[in-house]
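Engineer: Model the following, please.
(2 chains)
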Protein chains: 2
Amino acid sequence: MARPQPLSGFPEYLPAQSAVEQQFITLLRESFELHGFGRIETRAVEPLEQLNRKGEITKEVYTVKRLHAAADDVAELGLHFDLTVPFARYVLENAGHLVFPFRRHQIQKVWRGERPQEGRYREFCQADIDIVGQDTLAGHHDIEVVLVALEAFEKMHTQLNLPPVLMRVNTRKLAQGFYDGLGVTDALSVIQRVDKIHKIGRDGVASLLADECGLTPVQIEPVLELATIQSSDTSFRDRVLALVAAHPGLDNEVLHAGLTELAELIEQVSAQFPGRIVADLSIARGLDYYTGPVFEVELVGHEGLGAISAGGRYDALASDGKRTFPGVGISIGVTRILAPLLAKGVLTASRSVPSCVLVAVDDESDRSSAVAVATALRSRGIPCEVAPKADKFGKQIRHADRRGIPFVWFGGLTGQVKDIRSGEQVDAVAQDWQPPADDILPRVISSN
Amino acid sequence: MARPQPLSGFPEYLPAQSAVEQQFITLLRESFELHGFGRIETRAVEPLEQLNRKGEITKEVYTVKRLHAAADDVAELGLHFDLTVPFARYVLENAGHLVFPFRRHQIQKVWRGERPQEGRYREFCQADIDIVGQDTLAGHHDIEVVLVALEAFEKMHTQLNLPPVLMRVNTRKLAQGFYDGLGVTDALSVIQRVDKIHKIGRDGVASLLADECGLTPVQIEPVLELATIQSSDTSFRDRVLALVAAHPGLDNEVLHAGLTELAELIEQVSAQFPGRIVADLSIARGLDYYTGPVFEVELVGHEGLGAISAGGRYDALASDGKRTFPGVGISIGVTRILAPLLAKGVLTASRSVPSCVLVAVDDESDRSSAVAVATALRSRGIPCEVAPKADKFGKQIRHADRRGIPFVWFGGLTGQVKDIRSGEQVDAVAQDWQPPADDILPRVISSN
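Structural biologist: Purely as a prediction, here's the structure:
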């Protein structure tokens, strides 16, 4: 068989790269669980009509069918394209078995049949957290979700050497109140266009607002003014109030509720994570279900990757007619963060195998003594492997070196261990020798 | 929207059940990594012609297509139905970047479009380990893979309270040599029929051997005799040799190589895991690529679940014409083990959330002091959550109780903590209070 070629849009990792992903996923999971978010996973497929509910994504769905489906096999299935649609279905399906507010994390692959391009994938991993209430959900959970996400990002930065993040936040209420005050009738369609300001610029958005939303120049100007307001503290409030003062009739309760909500978020979060959050009134998030704060996260120094995480508050994740489930959540693009950095070699692992020690085999007839050494090391949590064949010491060291294994053990339970990086070799007893803590697992190495 | 219904064959778990699966997967992964097996994941899809190579599974493949695929979008993709086919492709694709013998674990979902029935799933999780060499691979790796798997199963039993396992082993060489000696020309087709002996019985297999393989009664009798030989020690060897002595011409080198190989495996493995392994000469494994030892594992007391794990030695996982990649591996059916036990309530977790502590909120204006307590606990790895709203103490305790959270914290950093199971309430300081180690994470509870 000829050498197979990669499939465009379906990234796969070499073992060292996969170790980085594993550590990142474990960090996220443990970080979420410290905050009481339990794990769920949903099946990869949903009934197609379920995936079709949100019109604009329809074209990106992958359908799934049995190769030899019977003619009467009408079940139409598609691969999920995010974790929100399946989660909404899961909450409705299992509401009777869940206790609300329900906190969950979900770290899974999703699929989109988009045309692959830089930073876009057809298969990618997302890590979502949400807090969902039954009928009501207190506003402090909006701040909580942001804090949980930033704590995870901070660990990603300090423990895995990835770049720090900057979270941009806004609230739908502010835009809604502001647009209402301007007499804009379809606030959502304006929000969706303003969202493109970083891509197509101020003039581009102005044209869209005139041509597609029918806004007058008198309306467009303050809409664009609002979108340019940014501050890492609560000073955005004064700038909005100045705009309001300049446009009589703009003042209203929804706008003020938005200002208060956003100021509180910025205040509490920047106290804990200074420099990691900024109010950015251009942030809109295209999806129509957000009703309160919205968040977008970029990787500092890698802004070209786009939003590597996003989320917000929604008043109805799902509803069964009797009950409504409001929530707040954020989604982290695991593949979106890692795949480009791994591909460019910005990130890698210190070795391609979990093994911290290679136990050398002197003679095939003495393999069992090497196995005993390995067993003793493993019983104390030290990953190791026994050399695949008896060989000269130099060859065994080269075997370890090719895999990045830092230590080679010679002799039996009471033997010698060599750090092949420094060349230092010392007497050691397998029942109590301990490698430096930093060497036990592969480390994430970053050239940032 | 009406309450959605589950999809038959696509099991999903409630949060407490998902916590059990998470712990099982983590246990497997860490166990494999202690032995130097690194993680890889492959994409969910493979080109359809790749999945079609093994004729008999073709009918179970799910095809994947973009909903609005262009007419010229000819890429035919299918979901992988096991992890062996994608792994073989991965090895060929990346051989230049891998070091051999290459050890990997792979824990992923797979999909089969089978008609769903008890114990059969359309989506399920498998955990595979394999050791793959380039051109050659020493026989001691066969024993190693068995030991790694049994060590993981032993931890599953002792740490997660699941039932113990029994592994049945055989070797293809023994059957091959024996059948050659009997003048059977198509050994593989005989092996595949003998494999059904536990399902359809001795007489059923005899009929198949006569009708479908054209064996004579003189050939059928020793074939069935061989298949009934079992021993937990190496005494199977004497019984095979007695059969050989009774049938002149049966003696040959391949048969003796098989006897030696199997005896060595039984001897070394049962020394380390007494009672967990048995030689069972009926074990054949239907797949045509096995060439040496084959393994099948059942859950003691739950034999009706069938093989919850299986594997063996193959001399050609893949080949690119120049190089051949022999290997040995075993696949563990994570869903096959857990889904029935979780559904029957034999297994569950001690709580439905990760939180070990609920920090009570006395008054909404004092939420920040509860958050400070939670932060102090989390910094020492204790999962906790802050009560969603200020409430009477009794209501906060009920909130914890409904989730199975064992501890409720009252007051600030210097406060009191109540074990709601015993009712005991003690003074505690958030910076140093420590719950019992057993309570930090949800425990797996088994009614076995």
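Engineer: Find the nearest non-adjacent residue to residue A:396, please.
Structural biologist: The shortest distance from residue A:396 to any non-neighbouring residue, by CB to CB, 6 or more residues apart in numbering or on different chains, is to residue A:360 (4.3 Å). For glycine as for every other residue, the C-beta is placed from the backbone atoms N, C-alpha and C.
Engineer: need the contact list for that neighbour.
Structural biologist: By CB atoms under 8 Å, 6 or more residues apart in numbering or on different chains, the contact set of residue A:360 is A:370, A:387, A:391, A:393, A:396, A:408-410.
Engineer: Isn't residue A:195 up against residue A:288?
Structural biologist: No. Applying CB atoms under 8 Å, one finds residue A:195 not in contact with residue A:288, separated by 11.8 Å.
Engineer: higher neighbour count, these two?
Structural biologist: residue A:195 (20 against 14; other CB atoms under 10 Å in any protein chain shown).
Engineer: interface residues of the stretch 251-400 of chain A facing chain B?
Structural biologist: A:318-321, A:352-355, A:367, A:378, A:381-386, A:388-389 (CB under 8 Å from any CB of the partner chain).
Engineer: right, and residue A:219 touches residue A:184 too?
Structural biologist: Yes. Look at residue A:219 against residue A:184 with CB under 8 Å: they come within range, at 6.2 Å.
Engineer: of these two, who's got more company?
Structural biologist: More crowded of residue A:219 and residue A:184, by other CB under 10 Å: residue A:184, with 23 against 19.
Engineer: now the more buried one, what's its secondary structure?
Structural biologist: coil (DSSP: H, G, I helix; E, B strand; the rest coil).
Engineer: Report the separation between it and residue A:177.
Structural biologist: Distance of residue A:184 to residue A:177, given as CB to CB, to the nearest Å: 11 Å.
Engineer: what does residue A:273 give?
Structural biologist: In this view, residue A:273 and residue A:177 are 27 Å apart by CB to CB.
Engineer: between the two, which one's more packed in?
Structural biologist: residue A:177 (24 against 19).
Engineer: quick check, that one in a helix?
Structural biologist: Yes. Using three-state DSSP, the assignment for residue A:177 is a helix.
Engineer: List the buried residues in stretch A:339-356.
Structural biologist: Residues of stretch A:339-356 classed as buried by neighbour count (16 or more other CB atoms under 10 Å in any protein chain shown): A:339-342, A:346-349, A:351-356.
Engineer: farthest-separated two in the residues you listed?
Structural biologist: A:340 and A:356 (29.2 Å; CB to CB).
Engineer: Please report the distance of the residue lying closest to residue A:280 once chain neighbours are set aside from residue A:26.
Structural biologist: Leaving aside its sequence neighbours, residue A:280 sits nearest to residue A:168 (CB to CB, 6+ apart; 3.8 Å). Counting by CB to CB, the gap from residue A:168 to residue A:26 is 27 Å.
Engineer: More neighbours: which of those two?
Structural biologist: Between residue A:168 and residue A:26, counted using other CB under 10 Å, residue A:168 has the larger neighbour count: 20 against 13.
Engineer: and that one, backbone torsions?
Structural biologist: Reported as degrees, to the nearest 10, the phi and psi values for residue A:168 are phi -100, psi 130.
Engineer: If I follow the layout properly, it ends up in contact with residue A:294?
Structural biologist: No. Residue A:168 lies out of contact with residue A:294 (CB under 8 Å); the separation is 9.0 Å.
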